[in-house]
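Undergrad: Task: produce atomic coordinates for the following.
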Amino acid sequence: MKNNDLAQKVKTLRNRKGYSQEELSEKTGLSLRTIQRIENGETEPRGDSLKRLATVFEVSPDEIVDWTVQEDKGFLVSFNLSALSFLVLPLGGIIVPLILWISRKDKIKGLNDLAKDLLNFQITWVILSVLTFLPILAFALFLHQNMHSITFPLVFAFLYAGLNVYNVAFIIINSIRINKGKSVVYFPSIRFLKK
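TA: Numbering: from 1, shown residues only. Sure thing, here's the model as predicted:
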């Protein structure tokens, strides 16, 4: 592992905890100069120093040492396609990508931004689906009362299918964009998770 990757990881973990270098020095019992050397990539923590840092950061020593940011376009495409799980589970388009994001967060280059864009879109989509479901249902019931009984399921199925086709189309289009190295575009999307 490169010293720069390890240095970045220690700095990232320290910032997540909200510690200054001085505070981290106090909490770990390591000298301020040692903390500075680690974060500048001049040295790697080993043995007792690594254990002390892991204890303060509440992670395993392996998580500190094995952390690197990799470029993995294949994972990004698979991650994006994981949102198609909404076709099987109603909230699958949110839950499956969220689990994948948490498991690989900060390890895949571009994953955090993609995850936020995708999850914002999926959350927005669920809200829109619920908000449009009620008028669709009311319209379908109105038609059902005024027309043949077969019209109700057909109208409902047609409108529901249209909503899902829109979602699937965006997921597939953006998977192709990721594969070509382009940024994703999801619309509509309310910014629940900010970049």
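Undergrad: Run a quick neighbour tally on Pro97.
TA: The burial count assigned to Pro97 is 23, neighbours taken as other CB atoms under 10 Å. Where you see a C-beta, it was placed from the backbone N, CA and C, and this is true even at glycine.
Undergrad: meant to ask about Phe79
TA: Other residues near Phe79 come to 23 when the count uses other CB under 10 Å.
Undergrad: Val96 too?
TA: By the other CB under 10 Å criterion, the neighbourhood of Val96 contains 20 residues.
Undergrad: Looks like it contacts Ala83 (just checking).
TA: Yes. Judged on CB atoms under 8 Å, Val96 makes contact with Ala83 at a distance of 7.2 Å.
Undergrad: Show me which helix runs longest in the chain.
TA: When the chain is scanned for its longest helix (criterion: DSSP state H), the result is helix 111-146.
Undergrad: list the helices and strands that one packs on?
TA: Helices and strands touching helix 111-146, by 3 or more CB pairs under 8 Å, 6 or more residues apart in numbering; DSSP states H and E, are helix 73-81, helix 92-104, helix 151-179.
Undergrad: Look through every helix and strand of the protein and give the one with the lowest mean pLDDT.
TA: Evaluated with mean pLDDT, DSSP states H and E, the helix-and-strand set of the chain has its lowest mean pLDDT in helix 61-65, which scores a mean of 78.
Undergrad: can you pull the buried residues of it?
TA: Along helix 61-65, these residues count as buried under the neighbour rule (16 or more other CB atoms under 10 Å): 61, 64-65.
Undergrad: List the buried residues of the helix or strand harbouring Leu53.
TA: Taking DSSP states H and E as the criterion, the element that holds Leu53 is helix 47-57. Neighbour-count burial for helix 47-57, counted by 16+ other CB under 10 Å, picks out 49-50, 52-54, 56-57.
Undergrad: again, but for stretch 77-90
TA: When neighbours are counted by 16+ other CB under 10 Å, the buried residues of stretch 77-90 are found to be 77, 79-86.
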